[in-house]
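Asks: Using only what follows, build the 3D model:
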Amino acid sequence: MHSPHRSLCRLLEPWARAAALALALVFAAAPAAPAQPRRTPDAPGGAAIPPAARVTVHPRNVIAPPGYIARRTLPDSVLLRIDGREDVTIRRYRRAVRLLGGDPDSLTPADRDRFLNLVVQQRVLAAHAMRHPVAWSAADSGHYLLERDEILVRAALSDRLTALESRRRAAGQPDLDEQALGVAARDSLLHALAPVWDEPLLARVARAFASLPEPTAQMGAREQMALMARMPDVAPGDTGRVLVRTSLGEFRVAELLGDYRRLASMYRPRVSDADAVRALVANSLFERTVREEAQAPALERRSEVAAVIADRVEYHTVNSYLQSRVVASIPSDSLTLVRHYQAHRGDFDRPARAVLVMLMLGDRRSADSVARVFRVPGEAESLAFRAQRSGVNYTHMVTAATDSEMYARSLAVGAGGVSGPDSLASGWRVFRVLSTTPRTTQPFAAVREQVQQAWYEQESERRVRALLDQLQRAARVERNDKALRGIVLAAAGARR
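Replies: Below you'll find the model as predicted:
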């Protein structure tokens, strides 16, 4: 007759063999000890039981130590698990490496471990800050609101572009690049809004835009920027008029001018006719539509959007925590700053430097002429002064740190000397050395702000480092060694 007890034994056999092997390995690793008879309270009078005696142990009587957590094999996609609650996946790690300036496809074992250490430190700090939140600073609050708005607008815009791209593909139309797709989405929306234009008003507004002077290459940078910042001279009576009516409502000339004024001058398009004005209006209507769609509560609740917003919340929470708990407690009294200045006095010396008047000329003849003028005492200084008053700077200060080659050349020429013309890729260079000054010590009063900034940077870095070390020591990090070896091997394969 088939015995259920024997079936159970056969079922447990592999487990039993594995357990026995594990125990054997544990005892093999331990130093050998002489066999000693053990005593048990179950034996009469605590009699000794020989080591060879059989002892039956019931599994229900075996309990795990307090705080014990059974270790499970990490999935192949997980490199690390921190405190049993947060996984560092391969995808997440590769993204972190890129953000930290590394190349995830070219990692040595040392690179891998260095980036892993940075990731662990960042995650334990973030977890600590989220568990001990502090009120955000005004700067963090303002930056977060701007970032959240941009995230939602980008998500709403992405939805529109994706929908348009899907319609085009279904109709058998070719794919467009991002810029062309954006223009197509804008034009598609304007067509759907069924616009009704005030054509005479549109023509007058177009003429006002077209009359704006256009910068030329011969103009200086300041003059070009001033022209690009100018607004069209629209008749006051026209600014309140309705330029176009759509299913969204009325759009007035004043709204168009307001949107155009908010554009950075360097990004303002050249508007020369009525079609260009229509494009400006279409841009405004498209932006307003996308911004309205970005306010939909369902958009913010979408997992991919919520994850990006949560990332920014975490960033500003950590930043505010560090500002409040680390930086704010750094002393900045005069005595502290003076001590730092005295310990690092050389760091605040004024470096050795040379002051030059330098010109770049387009041809050798002009450069020779300027070089002759520069050799007349006072002429280079006079030219530099006149140029400064007109907004052009010909005076340059060079040090060994900013331009070692030019500094060495200036010392060789000496104060009052003229160098050039020198042939360079950009033209002919001529310069006169106005002065050379050796390295000089500066008094504390002259560099107090620099001392305070250096002290804050040094002390905040020391305190943050101490906090990170403390949090990292307290963290429980599980490593997936197989997956960790794989990212280095994969990188080596990518290099081949």
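Asks: Look at Arg372 and give its secondary structure.
Replies: With DSSP: H, G, I helix; E, B strand; the rest coil as the basis, Arg372 sits in helix.
Asks: Next one: it, what pLDDT does it get?
Replies: Arg372 is assigned 85 on the pLDDT scale.
Asks: got a list of what it touches?
Replies: Contact analysis of Arg372 by Cβ atoms under 8 Å, 6 or more residues apart in numbering lists nothing. For the C-beta atoms, the positions are set from N, CA and C on the backbone; glycine is no exception.
Asks: Thr239: neighbour count?
Replies: Using other Cβ atoms under 10 Å, Thr239 is surrounded by 15 other residues.
Asks: is it true that it touches Arg252?
Replies: Yes: with contact defined as Cβ atoms under 8 Å, Thr239 counts as touching Arg252 (7.5 Å).
Asks: what helix or strand does the residue nearest to Phe286 when sequence neighbours are not counted sit in?
Replies: Among residues not flanking Phe286 along the chain, Arg186 sits closest, at 4.3 Å (Cβ to Cβ, 6 or more residues apart in numbering). Under the criterion of DSSP states H and E, Arg186 resides in helix 178-192.
Asks: what's next to that helix, contact-wise?
Replies: Residues from elsewhere that reach helix 178-192 (Cβ under 8 Å, 6+ apart): 160-161, 164-165, 168, 176, 246-247, 278, 281-283, 285-286, 289.
Asks: Between those, which sits nearest Thr402?
Replies: Asn283 (42.9 Å; Cβ to Cβ).
Asks: Which pLDDT value belongs to the closest one?
Replies: At Asn283, pLDDT is 90.
Asks: Report the helix or strand with the lowest average pLDDT across this structure.
Replies: helix 4-29 (a mean of 35; mean pLDDT, DSSP states H and E).
Asks: for the residue nearest to Arg325 when sequence neighbours are not counted, helix, strand, or coil?
Replies: Closest residue to Arg325 in three dimensions, ignoring its sequence neighbours and counting by Cβ to Cβ, 6+ apart: Val134, at 6.9 Å. Secondary structure, three-state DSSP: Val134 is coil.
Asks: what about the helices in the stretch 51-200 of the chain?
Replies: Secondary structure of the stretch 51-200 of the chain, counting by DSSP state H, counting those that start in this stretch: helices at 90-99, 109-131, 138-170, 178-192, 199-210.
Asks: any idea of the mean pLDDT in the longest one?
Replies: Okay, so that is helix 138-170. 92.
Asks: by contact count, what packs against that helix?
Replies: Secondary-structure packing of helix 138-170 (3 or more Cβ pairs under 8 Å, 6 or more residues apart in numbering; DSSP states H and E): helix 178-192, helix 274-294, helix 297-301, helix 303-322.
Asks: got the angle between it and helix 274-294?
Replies: With axes from the mean of the first three to the mean of the last three Cα atoms, to 10 degrees applied, the angle from helix 138-170 to helix 274-294 works out at 110 degrees.
Asks: List the buried residues in helix 138-170.
Replies: 140, 143-144, 147-148, 151-153, 155-157, 159-161, 164-165, 168 (16 or more other Cβ atoms under 10 Å).
Asks: repeat for the first one
Replies: Applying a neighbour-count criterion of 16+ other Cβ under 10 Å, the buried positions in helix 90-99 are Ile90, Arg92, Tyr93, Arg94, Ala96, Val97.
Asks: And the fourth one, by the same measure?
Replies: Applying a neighbour-count criterion of 16+ other Cβ under 10 Å, the buried positions in helix 178-192 are Leu181, Gly182, Ala184, Ala185, Arg186, Ser188, Leu189, Leu190.
Asks: now Ser460, nearest residue through space, not along the chain?
Replies: Nearest residue to Ser460, sequence neighbours excluded (Cβ to Cβ, 6+ apart): Val327, at 5.1 Å.
Asks: Which pLDDT value does the model give that neighbour?
Replies: 85.
Asks: Quick check on it: phi, psi?
Replies: Main-chain torsions, Val327, degrees, to the nearest 10: phi -70, psi -40.
Asks: what's the answer for Met360, then?
Replies: phi -110, psi 130.
Asks: what's the answer for Met358, then?
Replies: phi -130, psi 140.
Asks: what about the residue nearest in space to the middle of the chain, distance to Leu202?
Replies: By Cα atoms, centre = their mean, the chain has its centre lying nearest to Leu99, at 6.8 Å. With distances taken as Cβ to Cβ, to the nearest Å, Leu99 is found 48 Å from Leu202.
Asks: Ok, His191 next?
Replies: From His191 to Leu202 the distance is 17 Å (Cβ to Cβ).
Asks: do His396 as well
Replies: Taking Cβ to Cβ, one finds His396 at 51 Å from Leu202.
Asks: and if you look at Gly102?
Replies: 54 Å.
Asks: before we move on, what about Arg169?
Replies: Taken as Cβ to Cβ, the span from Arg169 to Leu202 is 35 Å.
Asks: do the same with Ala163
Replies: Counting by Cβ to Cβ, the gap from Ala163 to Leu202 is 30 Å.
Asks: Next: Asn480.
Replies: For Asn480, the distance to Leu202 - Cβ to Cβ - is 65 Å.
Asks: just Asp103 next, same as before
Replies: 53 Å.
Asks: Compare those two (neighbour count), which wins?
Replies: Taking other Cβ under 10 Å, Asp103 and Leu202 do not tie; Leu202 has more neighbours (19 against 13).
Asks: mind putting the helices and strands packed on helix 138-170 in a markdown table, distance to Ser426 included?
Replies: Shown next, in a markdown table, are the helices and strands packed on helix 138-170 (distance: least, Cβ to Cβ, whole Å):
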| stretch | distance to Ser426 |
| --- | --- |
| helix 178-192 | 32 |
| helix 274-294 | 36 |
| helix 297-301 | 50 |
| helix 303-322 | 42 |
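Asks: Pick the most deeply packed of those.
Replies: Most buried of the helices and strands packed on helix 138-170 by mean neighbour count (mean count of other Cβ atoms under 10 Å) is helix 274-294; its value is a mean of 18.
Asks: what's in contact with that one?
Replies: For helix 274-294, the external contacting residues (Cβ under 8 Å, 6+ apart) are 149, 152-153, 155-157, 159-160, 185-187, 189-190, 193, 195, 197, 199, 202-203, 205-206, 209, 243-244, 246, 248, 251, 255-256, 259-260, 269-271, 299.
Asks: The same query, at a cut-off of 6 Å, please.
Replies: 152-153, 156-157, 186, 189-190, 202-203, 205-206, 244, 259 (Cβ atoms under 6 Å, 6 or more residues apart in numbering).
Asks: Kindly report the same for stretch 86-103.
Replies: Ser77, Val78, Leu79, Leu80, Arg81, Pro104, Phe115, Val119.
Asks: end to end, how far does it reach?
Replies: Counting by Cα to Cα, to the nearest Å, you get 24 Å between the two ends of stretch 86-103.
Asks: Going forward, count from 3.
Replies: Done: numbering now begins at 3, and the last item shifts to stretch 88-105.
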